[in-house]
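1. Model the following, please.
(4 chains)
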Number of protein chains: 2
Amino acid sequence: MFKLSKKADYGLIAVKHLAMHRDQHACSATEIAEEYGISTMLMAKVLQKLARQRIVTAKHGANGGYLLAKEPSQITALDVISAIDGPVLITSCVTSHGNCGAADKCSVREPLRRVNESILSVLSTVTISHMSEEQHEPVLVELQT
Amino acid sequence: MFKLSKKADYGLIAVKHLAMHRDQHACSATEIAEEYGISTMLMAKVLQKLARQRIVTAKHGANGGYLLAKEPSQITALDVISAIDGPVLITSCVTSHGNCGAADKCSVREPLRRVNESILSVLSTVTISHMSEEQHEPVLVELQT
DNA sequence: TTCATTTGCGACTGAATCGGTCTGATATGC
DNA sequence: GCATATCAGACCGATTCAGTCGCAAATGAA
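-> Okay, here's the model as predicted:
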């Protein structure tokens, strides 16, 4: 529980890799997968999802591969994670079409919604360029308790 | 992914319920379960885990039940969640006995560790009394990017 | 002291999710 | 035309999760 899926994990690795190698050649799924010892098939799938959400752009054909579609500072961890795993919702109650049967009785829905907001805020504060930098300046995130 | 388990969810509901009924009688698992339309068996299991982690205290026997072991302001969401689901780790890499095979190659481990810290910080800032109050004062959480 | 009530704990099951694979189609450069 | 890539969806096995059951132990009340 409360864990990133491996696919999302691989997505972050891939995007960071692309960020470090940009303005160079396009990186193929195979290239990235081998670099980090990850299954080629799986990495390909992850990159496809990232491409569909326009986080990376794909170049078909020989010597093709993937390139970042935006500046690393414009891509947040949340972008990558939700591109791969769908929207980040810490409880099933929080979903737009509230399907939680006990919704009317549930007393923790609203507080959890606020916790969810805070986590989204954390994830969208961290960008790929943050993840590549060495220095780590603290940032303050406002949290509605 | 990135979702609270239902058990953790129920745990928060139960603890909040106990917070609202404290200084009254001890609440049995059955009582709480029925109040929110949750399986009695499952709620009992959840409360047992909370008792084992000394978040609630159990009273055996007839008219027994559970009571909060601490002040609601001293119980954080993180306490409840990790009592039920174990430590909160957003990736398997982050664990103490780093079992991630590609650990040495993995370039996102350190950044994700910091994101994990931030989430822990959010979860441990929100207390049960916060979740019971109506007013929601913003709190600033420091986030190491 | 007997009995109903309630917690404690581990084993178990069915369902859902997840990691990972395979196949085939399509696009592109040489 | 062929090798190299991406694209899309079906597919499977393993793990995890929600929920159940049975039995033991503690406690209060009759």
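2. contact partners of the helix or strand of chain A with the lowest mean pLDDT?
-> Lowest by mean pLDDT, DSSP states H and E among the helices and strands of chain A is strand A:138-144, with a mean of 71. Applying C-beta atoms under 8 Å, 6 or more residues apart in numbering or on different chains, the contact partners of strand A:138-144 are A:114, A:117-118, A:121-122, A:125, B:118, B:122, B:125-126, B:136, B:138-145. C-beta: built from backbone N, CA, C; applies to glycine.
3. Note down every partner strand of it and its orientation.
-> Strand A:138-144 pairs in its sheet with strand B:138-144 (antiparallel), by DSSP bridges.
4. Could you check how far the partner strand is from the centre of its chain?
-> 20 Å (C-alpha atoms, centre = their mean, to the nearest Å).
5. With stretch A:15-25 instead?
-> Mean C-alpha position of stretch A:15-25 versus that of the full chain (C-alpha atoms, centre = their mean) differs by 16 Å.
6. Tell me the span between the first and last residue of that stretch.
-> Taking C-alpha to C-alpha, to the nearest Å, stretch A:15-25 runs 14 Å from one end to the other.
7. Any residue of it touching chain B?
-> Yes. Residues of stretch A:15-25 contacting chain B under C-beta under 8 Å from any C-beta of the partner chain: A:16-17.
8. State the mean pLDDT of that stretch.
-> What stretch A:15-25 shows for mean pLDDT is 89.
9. burial count for the residue in chain A that DNA strand C sits nearest to?
-> Nearest residue of chain A to DNA strand C (C-beta to the nearest atom of the strand) works out as residue A:61 at 2.6 Å. For residue A:61, the neighbour count with other C-beta atoms under 10 Å in any protein chain shown is 6.
10. about what we covered before: report the buried members of the contacts of strand A:138-144.
-> A:114, A:117-118, A:121-122, A:125, B:118, B:122, B:125-126, B:141, B:143-145 (16 or more other C-beta atoms under 10 Å in any protein chain shown).
11. want to throw the residues you listed into a markdown table with distance to DNA strand D?
-> What follows is those, written out as a markdown table (distance: C-beta to the nearest atom of the strand, whole Å):
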| residue | distance to DNA strand D |
| --- | --- |
| A:114 | 21 |
| A:117 | 22 |
| A:118 | 21 |
| A:121 | 24 |
| A:122 | 21 |
| A:125 | 26 |
| B:118 | 21 |
| B:122 | 20 |
| B:125 | 24 |
| B:126 | 20 |
| B:141 | 25 |
| B:143 | 26 |
| B:144 | 27 |
| B:145 | 28 |
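12. Determine if any part of stretch A:42-57 is in contact with chain B.
-> No. Shown here: stretch A:42-57 not in contact with chain B (C-beta under 8 Å from any C-beta), separated by at least 11.9 Å.
13. model confidence over that stretch, on average?
-> 97.
14. Buried ones in that stretch, by neighbour count?
-> A:43, A:45-47, A:49-50, A:55-56.
15. Is there any residue in that stretch that contacts DNA strand C?
-> Yes. Residues of stretch A:42-57 contacting DNA strand C under C-beta under 7 Å from any atom of the strand: A:42, A:45.
16. Give me the contacts around that stretch.
-> So stretch A:42-57 is in contact with A:7, A:10-11, A:14-15, A:18, A:29-30, A:32-33, A:58, A:66-70, A:75, A:79-80, A:83-84, going by C-beta under 8 Å, 6+ apart.
17. Equivalent analysis for stretch A:20-27, please.
-> By C-beta under 8 Å, 6+ apart, the list of residues contacting stretch A:20-27 reads A:17-18, A:59, A:63-68, A:72, A:132.
18. change it to 6 Å
-> A:59, A:65-68 (C-beta atoms under 6 Å, 6 or more residues apart in numbering or on different chains).
19. Tell me which residue of chain A lies closest to DNA strand D.
-> Residue nearest to DNA strand D within chain A: residue A:58 (3.0 Å; C-beta to the nearest atom of the strand).
20. bridging residues for that residue?
-> residue A:66.
21. Distance-wise, check residue A:117 relative to chain B.
-> According to C-beta to the nearest C-beta, to the nearest Å, residue A:117 stands 10 Å off from chain B.
22. What is the distance between the biggest helix by length in chain A and the centre of its chain?
-> When chain A is parsed with DSSP state H, its longest helix is helix A:109-125. Its chain's C-alpha centre lies 16 Å from the corresponding centre of helix A:109-125 when counted by C-alpha atoms, centre = their mean.
23. Where does the prediction get shaky in chain A?
-> Within chain A, the segments meeting pLDDT under 70 span A:93-105, A:135-137, A:144-145.
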